[in-house]
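[1] Predicted model and sequence follow; I will ask about them next.
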Amino acid sequence: MVDRIASGREDLSVQIISLASKGGREEAQKENVLSVPTILVGHNRRFVGVPRWEDLTSAIDAEILTIPKGGA
């Protein structure tokens, strides 16, 4: 699902973190991720479990609107 979004959008940066690595576990702890899958969109939106496609793309579109023109 995340790969599908990332491949179709140039305005989006995607980071996939594996809990199989120590660094991934540390990042998950830092972001307070307790369940897999968890998808974070920006700093304020989180999906725990597999979201509906429409909900995820709407959250991404809303987050992109909050980014000032010219970059993050």
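    Alright, I've got the coordinates.
[2] List the contacts of residue 3.
    residue 14 (Cβ atoms under 8 Å, 6 or more residues apart in numbering). Quick note: C-beta positions are derived from backbone N, CA and C, even for glycine.
[3] Surely it is within a helix?
    Yes. Under DSSP: H, G, I helix; E, B strand; the rest coil, residue 3 falls within a helix.
[4] May I have the predicted confidence score for it?
    On pLDDT, residue 3 comes in at 84.
[5] Could you look up the SS state of residue 40?
    strand.
[6] whoops, I mixed them up, residue 47
    Under three-state DSSP, residue 47 comes out as strand.
[7] ok, and what's touching stretch 60-72?
    For stretch 60-72, using Cβ under 8 Å, 6+ apart, the contacting residues are 5, 9, 11, 12, 41, 42, 45.
[8] Averaged pLDDT, that stretch. What do you get?
    Mean predicted lDDT for stretch 60-72 stands at 80.
[9] Alpha carbons only: can I get that stretch in PDB?
    Output of stretch 60-72 as PDB, limited to C-alpha atoms (Å, rounded to 0.1, in the frame of the first residue of the first chain):
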ATOM      1  CA  ILE A  60      -1.500  12.800   2.800                       C
ATOM      2  CA  ASP A  61      -3.200  15.400   0.700                       C
ATOM      3  CA  ALA A  62      -4.200  17.400   3.800                       C
ATOM      4  CA  GLU A  63      -0.600  17.200   5.200                       C
ATOM      5  CA  ILE A  64       0.900  18.300   1.900                       C
ATOM      6  CA  LEU A  65      -1.300  21.500   2.000                       C
ATOM      7  CA  THR A  66       0.300  22.400   5.300                       C
ATOM      8  CA  ILE A  67       3.900  22.400   3.900                       C
ATOM      9  CA  PRO A  68       5.000  25.900   2.800                       C
ATOM     10  CA  LYS A  69       5.800  26.200  -0.900                       C
ATOM     11  CA  GLY A  70       9.500  25.600  -1.600                       C
ATOM     12  CA  GLY A  71      10.000  22.700   0.800                       C
ATOM     13  CA  ALA A  72       9.600  21.400   4.300                       C
END
